[in-house]
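Student: one predicted model, sequence on top.
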Amino acid sequence: MKSKIMMAMMWLAGIVPMTYATDYPNRPTYTDMENAVVKGLACGKAIRERKIAVGSGDSLPYCGTRYAFVTSRQQSLEALTTSYIDHNGPLNTSNTAFLYFTLPSWRELASLNTNGFRRATAWDHNNIPSWSYGIVSNGDVIGPWIFDDLQNGYSVLQWTMRFSYEMENSTVTADGDGGSCEENRQEHDNILASTAWDDSYSTYVYGVDARQELDGGHWQGGRIRGKALISGLPVIPHDYDVYLYPWGHPQGYAFYDFDGKGMQEKVYWLFEESENESEATTHETDVIGDTRANYFSLLGWTCPSPTQVRHQSVFCSGSYWILKWRFTAYN
């Protein structure tokens, strides 16, 4: 048996030409390949975590031949960027929209070239290669810069935004009508002060509505108190900030910041910040609007009846959660 094995090896040696490392100057060493595997897996896990955070799946990027392997990571990473909030924000300068990464702004913050990832077709393992830029392709050298760029790229993806329509709330409404302006106002005020909060569902987490009609000074209005909730988060450590988006009324009634919270119409308002890092999959805020302060008194409205209908309000529907993820540090 041994003689047959030796004869087979001699035959194989005779038909396979002898080659040397110098014939393949771009061939990676064993150490290069080992490092590439370690870094490649780390990059894959880091990208997977960031996909989970935005709800785009939990599978590892493609793991096959080395070019397809690297290409999948680069493409997956670039596809994620516009789902993440630029933490130089998180809002634009007017606080009217959340500031998401664009491909150029992400590349700038990650210290990548404006044209994308570094590429090289030759490298002597000593000097800096001649760079081109973009997604890796066949014939490129799989060098350490590829994983450095990936790490720089995913390291700046830290914050996401989730809108939540989950809430707990209750309302109180009051109405004064049928008498004189003064009698109607007194009736309204008594109801507002004594009526229990009603836990029936409202579509707002916070709101105040004040209206005075022309017919004898009909006074009517109400308040909404509530807390914002979110659920279904992945088990990844995070902090959070909660924003509300105050506005007047869909029929165009005037906006008013009744409770002096510093709200402006259609400008995101920071309601609450988390105190501690958490891996919880659900959160709820403190209650907002838990007061019976008389909105007509806050507006300074008195009798006699106005010459035209007066109506001012503020509503906040749903909540906006900036989730500040503490992803695993893969170095």
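Tutor: Nice, I can see it. A quick note: this is a predicted structure, and the numbers were derived from the prediction, not measured. Numbers count the residues shown, from 1 in each chain.

Student: list of residues touching stretch 41-61?
Tutor: 63, 69, 72-73, 76-77, 80, 83-84, 147, 150-151, 154, 157, 160, 234, 236, 323, 325, 327-328, 330-331 (CB atoms under 8 Å, 6 or more residues apart in numbering). In this view, the C-beta of every residue, glycine as well, is placed from N, C-alpha and C.

Student: out of the residues you listed, list just those in strands.
Tutor: Of the contacts of stretch 41-61, the ones assigned to strands by DSSP state E are Thr160, Leu323, Trp325.

Student: count of neighbours near the last one?
Tutor: When neighbours are defined as other CB atoms under 10 Å, Trp325 has 22 of them.

Student: my guess is it contacts His238, does it?
Tutor: Yes. Taking CB atoms under 8 Å as the definition, Trp325 is a contact partner of His238 at 5.0 Å.

Student: which of the ones in strands among the contacts of stretch 41-61 sits closest to Ser200?
Tutor: Set against Ser200, the nearest of the ones in strands among the contacts of stretch 41-61 by CB to CB is Leu323 (30.7 Å).

Student: I'd guessed that closest one sits against His238; true?
Tutor: Yes. Under the criterion of CB under 8 Å, Leu323 makes contact with His238 at 5.1 Å.

Student: now do the same contact list for Ile322.
Tutor: Counted by CB under 8 Å, 6+ apart, Ile322 has contacts Ile85, Pro90, Phe98, Trp159, Thr160, Met161, Tyr240, Asp241, Val242, Tyr243.

Student: next, count neighbours for the first one.
Tutor: If I follow you right, that is Ile85. 20.

Student: surely it and Thr102 touch.
Tutor: No. Assessed by CB under 8 Å, Ile85 is found out of contact with Thr102, at 11.8 Å.

Student: beta-bridge partners for Asp175, please?
Tutor: For Asp175, the beta-bridge partners are Gln220 (DSSP bridges).

Student: for the stretch 151-300 of the chain, what spans make up the helices?
Tutor: In the stretch 151-300 of the chain, the helices defined using DSSP state H, counting those that start in this stretch lie at 181-194, 295-299.

Student: got a list of contacts for the longest one?
Tutor: Outside of helix 181-194, the residues within contact range by CB under 8 Å, 6+ apart are 172, 174-179, 216-221, 292, 294, 296, 302-305.

Student: again, only using 7 Å
Tutor: The contact list for helix 181-194, computed with CB atoms under 7 Å, 6 or more residues apart in numbering, reads 172, 174-177, 216-220, 292, 294, 303-305.

Student: biggest separation within those, which pair?
Tutor: Spatial extent of those (CB to CB) is set by the pair Val172 and Pro304 at 26.5 Å.

Student: neighbour count winner among those two?
Tutor: Comparing Val172 with Pro304 by other CB under 10 Å, the one with more neighbours is Val172, at 18 against 10.

Student: most neighbours among the contacts of helix 181-194, which one is it?
Tutor: Of all the contacts of helix 181-194, the highest neighbour tally under other CB under 10 Å goes to Trp219, namely 28 neighbours.

Student: ok, Phe255 to Leu298 distance?
Tutor: 14 Å (CB to CB, to the nearest Å).
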